[in-house]
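K.L.:
all I have is the shape, not the residue letters:
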């Protein structure tokens, strides 16, 4: 497995592979990889001849008061996870390699970015779509892999790919959880031992909601109430949002008829965590 | 030469060419082709193994009171111009082929779209950048050809290609003029005989400005005054803008030191014409 830091190097490698007729799978990441990322890399290596992982903490998708500076980074550890799960190339550019000449071009998806994380993190998805477009243009993969934990991100990327005619198949992969149910996230590393325990309330509240849906509940407000009531029992938890939305439009719904997404964002101490399920 | 109307067909043809190792040049147009387009097609056919021309009157780059409906269309005539200048494929999609599923993704270049035509036609360049991104993703050309008559468009596309890392060389081609100096434009067809004559004032005023620059004038305001004075002599002409800007940033300048762009937009009757030169 190679690690490269420039666009020129990654393009040269991919050109060689393309000349051999090899297919390319791609996983965009911000590094500090965990088993969730590993599952994406594994799946990509099953479905493609070659697998590229980008590791880039993208400054333009962080708000001014967010955790860009302190976001965890560990390229050595990441390399090990990539290579042991079947990756062939890591592309780990510096911000100066990705953003040159006063970058002033942005890709924006409207409508489905309005609610959920989009409402709470203005400009976040514009930053995500812009950087993912750039990586797509640099790497030109056949398939790109995204985790379902970032459900809105996955929906936004799918919409962007359709709207801008990227010739890339987007593959969504299930959330990977710790044995006790906590969804894996690079941000879990911010949690103290006490907070780590408190964070279980996210998955626990979603499980209650799912049980209620399975029992036949059709009122989204009742589902939200179930989650909010459960989250409120945890003193370290502060709700950012609890939403029941249509799984395609991501718009709030009045009653549950089609496929829905139940998505929550909760601060545990200062750490913002997200979790979700589709039903 | 083939004419295709679907994305599927154009991708299939380009894939065949790519498998043979052939290079692809691309000219995006709105059809009703003239010698200006012909010069782009000719140049592309000199520099590439295969040449694709898209013909698409892009609804999202027209403002609500602009000429989308009446924009001239003539695919038969266009086909002849394409084939006789060396094109191999025309891609002429319907709007419904290009914009599906409530298109909500847009590509926008900030800063250099603020002045000139961008100031007068809000949303125009967002529409241009979005559709050109789509065509770039559909066709994946090695090179794309744009006329210098649309000087701001060329600058915006160059910036977009750098910022979003499109792996495409952008080739700018000189303005083609009628023997009497009128810059070729599909919109010239709107002009009455009297307006056609009046339209010569655009090129005439720019020639005076160029002579003044060649004589050593360093004050942009004087250059603008020369042009405005000349344009004012023509009763059918109504100035939209007269600007002297830095040729890279497209920002107005106080004095002339670096390469500049002198750009004008003038209504002749109801027809809006543009012209420019670099110095």
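P.N.:
Nice, thanks for sending it over. The structure displayed is predicted, hence computed values, not measured ones.

K.L.:
just the strands in chain A please.
P.N.:
A:2-4, A:24-29, A:50-55, A:89-91, A:105-109, A:143-147, A:169-173, A:237-246, A:260-268, A:271-278 (DSSP state E).

K.L.:
any idea how many residues pack against the nearest residue to residue A:1 once chain neighbours are set aside?
P.N.:
Excluding its sequence neighbours, the residue lying closest to residue A:1 (CB to CB, 6 or more residues apart in numbering or on different chains) is residue A:83, at 4.2 Å. Bear in mind the C-beta positions are built from the backbone N, C-alpha and C, glycine included. By other CB atoms under 10 Å in any protein chain shown, 16 other residues sit near residue A:83.

K.L.:
correct me if wrong: residue A:142 contacts residue A:21.
P.N.:
No: counting by CB atoms under 8 Å, residue A:142 stays clear of residue A:21, with 11.6 Å between them.

K.L.:
and the two? Which one has more around it.
P.N.:
Set side by side, residue A:142 and residue A:21 show more neighbours around residue A:142, with 17 against 8, by other CB under 10 Å.

K.L.:
quick one: the more buried one and chain B, what's the gap?
P.N.:
Residue A:142 is 12 Å from chain B, where distance means CB to the nearest CB, to the nearest Å.

K.L.:
likewise residue A:99?
P.N.:
Taking CB to the nearest CB as the measure, residue A:99 and chain B are separated by 8 Å.

K.L.:
which pLDDT value goes with that residue?
P.N.:
On the pLDDT scale, residue A:99 is placed at 96.

K.L.:
what's it in contact with, if anything?
P.N.:
By CB atoms under 8 Å, 6 or more residues apart in numbering or on different chains, residue A:99 lies in contact with A:59-60.

K.L.:
try residue A:132
P.N.:
A:28, A:157, A:160.

K.L.:
repeat that for residue A:209.
P.N.:
Going by CB under 8 Å, 6+ apart, the list of residues near residue A:209 reads A:223, A:226-227, A:262, A:277.

K.L.:
repeat that with 6 Å
P.N.:
Contact analysis of residue A:209 by CB atoms under 6 Å, 6 or more residues apart in numbering or on different chains lists A:223, A:226-227, A:262.

K.L.:
relative to chain B, how far out is it?
P.N.:
29 Å.

K.L.:
please list the residues of the stretch 101-250 of chain A that sit near chain B.
P.N.:
Proximity of the stretch 101-250 of chain A to chain B, by CB under 6 Å from any CB of the partner chain, involves residues A:103-111, A:133-134, A:137-138, A:160, A:163-166.

K.L.:
tell me the one of the contacts of residue A:209 nearest chain B?
P.N.:
Proximity of the contacts of residue A:209 to chain B was ranked by CB to the nearest CB; the top entry is residue A:262 with 23.2 Å.

K.L.:
what's the burial count for the closest one?
P.N.:
26.

K.L.:
so it sits against residue A:243, correct?
P.N.:
No: contact between residue A:262 and residue A:243 fails when scored by CB atoms under 6 Å: they sit 7.5 Å apart.

K.L.:
ramachandran angles for residue A:72?
P.N.:
Phi and psi for residue A:72, reported as degrees, to the nearest 10, are phi -70, psi 140.

K.L.:
for chain B, see how far away it is.
P.N.:
To chain B, residue A:72 is 26 Å away according to CB to the nearest CB.

K.L.:
excluding its backbone neighbours, what's nearest that residue?
P.N.:
Once flanking residues are discounted, residue A:72 sits nearest to residue A:32: 4.2 Å by CB to CB, 6+ apart.

K.L.:
quick revisit: just put the strands of chain A in TSV and tack on mean pLDDT and distance to residue A:69.
P.N.:
Formatted as TSV, those follow (pLDDT from 0 to 100; distance: least, CB to CB, whole Å):
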stretch	mean pLDDT	distance to residue A:69
strand A:2-4	97	23
strand A:24-29	98	18
strand A:50-55	98	17
strand A:89-91	98	22
strand A:105-109	98	22
strand A:143-147	98	24
strand A:169-173	98	29
strand A:237-246	97	21
strand A:260-268	98	19
strand A:271-278	98	15
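
K.L.:
could those strands be laid out in JSON lines, adding distance to residue A:231?
P.N.:
Conversion of the strands of chain A to JSON lines gives the following (distance: least, CB to CB, whole Å):
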{"stretch": "strand A:2-4", "distance to residue A:231": "41"}
{"stretch": "strand A:24-29", "distance to residue A:231": "28"}
{"stretch": "strand A:50-55", "distance to residue A:231": "33"}
{"stretch": "strand A:89-91", "distance to residue A:231": "37"}
{"stretch": "strand A:105-109", "distance to residue A:231": "29"}
{"stretch": "strand A:143-147", "distance to residue A:231": "22"}
{"stretch": "strand A:169-173", "distance to residue A:231": "26"}
{"stretch": "strand A:237-246", "distance to residue A:231": "5"}
{"stretch": "strand A:260-268", "distance to residue A:231": "6"}
{"stretch": "strand A:271-278", "distance to residue A:231": "11"}
